[in-house]
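J.: here's my sequence, what's the structure:
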Amino acid sequence: MIYSGVSFFKTQLGENWMDPNMVLWLAHYGRPPGQPGYLSPRVAIHQYSDAGKIPGITGNVDLNCAIWPLAKIITGEDAELTPEEHDALMLVETS
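T.: Numbers count the residues shown, from 1 in each chain. The predicted structure follows:
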């Protein structure tokens with residue numbers, strides 16, 4: 001997995017050099033969750049904010065949206081969303 005800001009990825013990296021099995025975790029703040037401003041079949045995660053709040057954690061946290069099912073991100077195998085993943089995704093989309 002490659003982590004990068006969208007602008008840096010588009011202007012400096014691109015996909016041409018990537019191994020076919022590599023996937024992307026792209027940061028682009030201020031965009032709707034799951035819409036990082038650069039999409040390809042490789043984009044698995046979108047980090048859409050660095051200003052999240054979590055009870056019990058002091059300060060801001062990063063907020064991410066899994067575009068692929070979490071099981072596929074972790075194992076690389078196709079899988080359906082679990083009920084918990086579906087509920088978490090719906091919570092992010094409606095927040």
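
J.: so where do the strands sit in this structure?
T.: Secondary structure of the chain, counting by DSSP state E: strands at 2-5, 24-27, 43-52, 61-66.

J.: what's the angle between the last one and strand 43-52?
T.: Using axes from the mean of the first three to the mean of the last three C-alpha atoms, to 10 degrees, the inter-axis angle of strand 61-66 relative to strand 43-52 is 150 degrees.

J.: could you find the closest non-adjacent residue to Asn21?
T.: Nearest residue to Asn21, sequence neighbours excluded (C-beta to C-beta, 6 or more residues apart in numbering): Gly76, at 7.2 Å. Where you see a C-beta, it was placed from the backbone N, CA and C, and this is true even at glycine.

J.: near the one you found, how many other residues are there?
T.: 11 (other C-beta atoms under 10 Å).

J.: all helices for the chain, in order.
T.: 6-8, 70-75, 83-94 (DSSP state H).

J.: quick one: the residue nearest to Asn21 from Pro33, how far?
T.: Noted for Gly76: a distance of 23 Å to Pro33, by C-beta to C-beta, to the nearest Å.

J.: perfect, I'm done here.
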